[in-house]
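>>> One predicted model, sequence on top.
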Amino acid sequence: MMPSCSSTTQTVERFRKILSELEREQKGREATENAKSELQTSFNRLKVLAHEAIKKRDESGRQREEALREKEELLRSNERISGELAEALRQTNQLRQGDAHMLVEVAENCVGRGR
């Protein structure tokens, strides 16, 4: 028995619907795959940026610690040099006083001899 014309038409119509659904699904799958690829690319870029930010943060922390160590070292050096300067000034003042005292004694001796 031969299929009727309406049966064949229905079968062809049904085949076209199925083919149309298949094409929509393929387009949807392609769009999904493209979106996934774009998301993966964006995620990879974000990962790289995050790693760079972490490296910069760590480097900044190291530089800060180094600067603090240098500052503390300079403060200790400054205190030591200030102490040495104060001692040098004290000794200079003592020498000046001694020199002045000696000059007074020499002057008194000279004046005393002249009498």
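Sure, I can see it.
>>> And V104, what's its pLDDT?
The predicted local confidence for V104 comes out at a pLDDT of 75.
>>> For burial, what's the neighbour tally of it?
Here the neighbour count serves as a burial measure; for V104 (other C-beta atoms under 10 Å) it reads 10. Quick note: C-beta positions are derived from backbone N, CA and C, even for glycine.
>>> same deal with S42?
By other C-beta under 10 Å, 10 other residues sit near S42.
>>> In which helix or strand does it reside?
With the criterion set as DSSP states H and E, the secondary-structure element containing S42 is helix 5-114.
>>> Tell me how far that helix lies from the chain's centre.
2 Å (C-alpha atoms, centre = their mean, to the nearest Å).
>>> show me where pLDDT drops low in this protein?
The model of the chain has pLDDT under 70 over residues 1-3, 99, 113-115.
>>> other SSEs contacting the helix holding S42?
In this structure, helix 5-114 makes packing contacts with no helix or strand, judged by 3 or more C-beta pairs under 8 Å, 6 or more residues apart in numbering; DSSP states H and E.
>>> what's the burial count for N44?
N44 has 10 neighbouring residues, counting by other C-beta under 10 Å.
>>> Please apply the same query to the one 5 residues further on.
Using other C-beta under 10 Å, L49 has 10 other residues around it.
>>> All set now, cheers.
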